[in-house]
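> How does the following fold in three dimensions:
(2 chains)
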Amino acid sequence: MSDLLDAFALGVRAMFTYQAIFFALLAIGLNVHFGYTGLLNFGQIAFAMLGGFGIAISVSKWGLPFWAGVLVGLLAAVVLALLLGLPTLRLRADYLAIVTIAAAEALRLLFRSVSATPITNSTLGISAFNGGFLRLSPWGTSGRYNILGTRWNGGELWVITVGWTLVILTSVLVFLLMRSPWGRVLRAVREDEDAARALGKNVYSYKMQSLVLGGLFGALGGMVYAVGTGSAQPDQYQNANTFLAYGALILGGAATVLGPIIGAMLLWFIIAFSDSALSALLSDDRTFFGLFQINEVFSQTDVAYARFIIIGLGIMFLMIFRPQGIIGDRREVMLDAR
Amino acid sequence: MTHALNRAGRRGDRRSARSLLPAAPFAAGRPGGRRPLILALLIAAFAAALATVGPGVAHAEGEQVRGTLTTSASGPIEGVTITVETPDGDEIDSVETDEAGRFAVDLPGPGDYVVSLDADSLPEGVDVGSAGDTRTVTVETGRRLPVNFGLTDGTTGGSGRILAIQLFVDGLRFGLLIAMCAVGLSLIFGTTGLTNFAHGELVTLGAVVAFFINSHGVPLIAAGLIAVVVGGLVGALNELGLWRPLRRRGTGLVAALVVSIGLSLAARYLIQTFYGGRSNAYIDYQSQRARDYGILTLTDRDLYSIIISVIVLVAVAVMLQRTRIGKAMRAVADNRDLAASSGIDVNRVILVVWVMGGALAALGGVLLGLSDQVQWDMGFRLLLLMFAGVTLGGLGTAYGALVGSVIVGIFVQMSTLVIPDDVKYVGGLLLLIVILIIRPQGILGSRARIG
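Presented below is the predicted three-dimensional model:
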């Protein structure tokens, strides 16, 4: 029982870590794409990678200050969004899906290739670039702090403070934008592209703006992740992360402002809770209803895979049985390919 | 590149000592599957013959470094001086390779050692690889450690291979593989409108099933056939258990696409849970040497891979063109409502498409595992190239998938002439983006489909 309580405590702590912020920002971006505009971007992690590496490369390879790195990362995300959008946004939805997933994988392969070593350090990645960020912290970053029974070190605390501020700011922005005429056009595009076009709206341009905006949020997420881990490695930005972010979005509720945040926090609770609960289950010789010993069949490394299986199945069942997620409106998510 | 080295070690381990000694270079034995650069260098092999007790081995229990010097052109190299020192420069021993090119040096105990080769005593034309003539190795207790100097022939002579043609044929093999996997993907899209992101997992499944059955001693051909049947069954299960009920519920295409993403994620990591993260080769057909065909070299297994792919694809084409069910498939893909109203049982046709798609994907996986080893995410990586091929040919058309995939396969392999090997997939994916700009409906697609 105490194992479960520990797992629960870890799960609650995980809801506030920079990983949760990372997925919240990815999901907020995807919400703009998928929830409000109906764009299927399966390469959100590429934007995050450009954000993280934008800082890392600018600071440690080009010697620029930290804030310049942030600008470089955001700029790179805009360029990527334009490159992806130009050929695909005039076509049916699944073309964008294919191209974005391909581009994300291609970029990761490119960043981790041996020939990219001078810029990205290949698979080793870049570290020690967040000094400029940590120096901005109003409190000491090396100390340890106790908050409501959970322990954080100062650097972590500074990252998550900035991170959650970003989450709140972007959410407020999304809230305001979606109430504006601009946001209403996006929803019109999602519901019926032809109708929006018939009303004289330049659908292509609106889709492109949406892709850029959501991509920027993704890049911010990647930056939080990069300063959170203190390093940027191409393999941190695996494609599966995009799907985890989709899981968070659908869980919370697409096309709602708070959905992605709730989803990301819950997702990390589920991941941390199931990881530590499963590990505890494997640590002593428990049997599966007396049939076989659990830790003889599953090893500790399998626990790491379990989260992806759970999330994958979760995405499927949510999409089938409750596509609106926890707080969404079913009428808003009855999407269909055009 | 470490990947290739691992493979070298493992291949060497598995072979018996005797088959080693004529020393087929492992890289040349696998023309370019994934490492044409190595091939281009004609790396000569060394091989770790754990089973061999070479001459001059006093006590087999102790630590040892050993190896074989040989290249394909020169054969085993005799009389090369190998010196083993401690990192501080104290010499342990200095030996010359025997008539089979082998050397073995007993060590006083586990630890770090520097093994060096006297490059001057190598025969004319043979040179040490880019890593130089010394190796620093760490020997663990009781281990007889193989050391590879990666000798090269310098010239590409002997076989007279032309790299471009070699890569072309290899790309053809790869492209036919992609095509086999992609035909199902394209037909599923054509008949149901579903962009099935979980198709890659059918490919992985085929390879993994074949690997497991093969590793229990069943010949690979039988194991492969079982894998194909399993693939077909899983395809049917996909349709009956998931997609048909979803169609009945009226789930939208975008929702279905997201469901397939979830399925892909869950299936991929489920496979990893059972299979693990390693890459493994089948037991059979691993020690084949490349045959020399004048302008290119090809192992028998690659040759048969091409032959099998061609036969299967021709059979699929004939089926689509001539048989009743094939015509029905094309009819459903062309216009589902019209097909239904002319008396075609659309659901049955879709089921057959799924069985066929699953079986073909599994067969593709079996063959891919033969050339590239079995890995838990091999199908997912192939999926992106399948999409590239299918889009190039025209989404939803069976022949388009075929043509497009072959072009993508050849393009990806041939692109290594200009770009590094480890980014060759990037080229294929860039091709995809370029196609979408120039001709989004693909080579054989119709304008109306793309929205």
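> Quick one: residues contacting the closest residue in space to A:Ala76 that isn't next to it in sequence.
Distances taken as Cβ to Cβ, 6 or more residues apart in numbering or on different chains place A:Leu50 nearest to A:Ala76, at 4.1 Å, with adjacent residues excluded. (C-beta placed from N, C-alpha, C; glycine too.) Residues counted as contacts of A:Leu50 (Cβ atoms under 8 Å, 6 or more residues apart in numbering or on different chains) are A:Gly73, A:Ala76, A:Ala77, A:Leu80, A:Leu107, A:Ala219, A:Gly222.
> If we ignore the residues flanking it in sequence, what's nearest the third one?
Nearest in space to A:Ala77, with sequence neighbours left out and distances taken as Cβ to Cβ, 6+ apart, is A:Ala219 at 3.6 Å.
> would that neighbour count as being in a strand?
No - the assignment for A:Ala219 (DSSP: H, G, I helix; E, B strand; the rest coil) gives helix, which keeps it out of a strand.
> what about the residue nearest to A:Ala76, helix or strand, and which?
helix A:44-60 (DSSP states H and E).
> Give me the buried stretch members for the following helix or strand past that helix, please.
The first helix or strand that comes after helix A:44-60 along the chain, using DSSP H and E, is helix A:66-88. For helix A:66-88, burial by neighbour count (16 or more other Cβ atoms under 10 Å in any protein chain shown) applies to A:66, A:68-70, A:72-74, A:76-78, A:80-81, A:84-85, A:87-88.
> Nearest to chain B among those residues?
For the buried residues of helix A:66-88, the residue nearest chain B by Cβ to the nearest Cβ is A:Pro87; the value is 4.2 Å.
> Hmm, the closest one is touching B:Arg439, no?
No - applying Cβ atoms under 8 Å, one finds A:Pro87 not in contact with B:Arg439, separated by 10.7 Å.
> Can you tell me which residues in the stretch 51-200 of chain A are near chain B?
Taking Cβ under 8 Å from any Cβ of the partner chain as the criterion, the stretch 51-200 of chain A approaches chain B at residues A:83, A:86-88, A:90-95, A:97-99, A:101-103, A:105-106, A:109-110, A:112-115.
> For PyMOL, what selects the buried ones among those?
Command for PyMOL, covering only those of these found buried under the criterion 16+ other Cβ under 10 Å:
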select buried, chain A and resi 87+88+91+92+93+94+95+97+98+99+101+102+103+105+106+109+110+112+113
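> For the contacts of A:Leu50, which two are the farthest from each other?
Distance extremes for the contacts of A:Leu50: the farthest pair is A:Gly73 and A:Leu107 at 13.5 Å, using Cβ to Cβ.
> Pass me the low-pLDDT residue ranges in the stretch 201-338 of chain A, would you?
A:284-298, A:334-338 (pLDDT under 70).
> With the stretch 101-250 of chain B instead?
B:124-125, B:127, B:129-132, B:140-143, B:150, B:152-161.
> for it, what spans make up the strands?
B:102-106, B:111-117, B:134-139, B:144-146 (DSSP state E, counting those that start in this stretch).
> Likewise for the stretch 101-250 of chain A?
Per DSSP E, counting those that start in this stretch, the stretch 101-250 of chain A carries strands over the ranges A:126-127, A:144-147, A:150-153, A:231-232.
> okay, the ones you listed in TSV with distance to B:Val390 next?
Listed next are the strands of the stretch 101-250 of chain A as TSV, based on distance: least, Cβ to Cβ, whole Å:
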stretch	distance to B:Val390
strand A:126-127	36
strand A:144-147	52
strand A:150-153	49
strand A:231-232	33
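> what's the most buried one of these?
Compared across those, strand A:231-232 shows the largest average neighbour count, a mean of 24 (mean count of other Cβ atoms under 10 Å in any protein chain shown).
> what residues are up against A:Leu25?
So A:Leu25 contacts A:Gly163, A:Leu166, A:Val167, A:Thr170, A:Phe217, A:Gly218, A:Leu220, A:Gly221, A:Val224 (Cβ under 8 Å, 6+ apart).
> And B:Asp337, how close does it get to chain A?
Applying Cβ to the nearest Cβ, to the nearest Å, the value for B:Asp337 to chain A is 17 Å.
> my read: B:Val254 touches A:Leu96, true?
No - the criterion here is Cβ under 8 Å, and B:Val254 misses it with A:Leu96 at 11.1 Å.
> Tell me the one among the contacts of A:Leu25 nearest to chain B.
A:Gly218 (17.1 Å).
> Tell me how many other residues crowd that closest one.
A:Gly218 has 34 neighbours, counted by other Cβ atoms under 10 Å in any protein chain shown.
> Give the closest residue to it in space, chain neighbours not counted.
A:Phe47 (3.3 Å).
> Same question for B:Val218.
B:Ile226 (7.8 Å).
> ok, that neighbour - contacts?
B:Val209, B:Ala210, B:Ile213, B:Val218.
> Could you measure from it over to chain A?
For B:Ile226, the distance to chain A - Cβ to the nearest Cβ - is 24 Å.
> Now the stretch 1-150 of chain A against chain B: closest residue?
In the stretch 1-150 of chain A, the residue that lies nearest chain B is A:Arg92 (3.3 Å; Cβ to the nearest Cβ).
> re the thing from before, between B:Val254 and A:Leu96, what contacts are shared?
A:Leu40.
> sorry, back to before: wouldn't the residue nearest to A:Ala77 be in contact with A:Gly73 here?
Yes - between A:Ala219 and A:Gly73 there is a contact at 5.3 Å, judged by Cβ under 8 Å.
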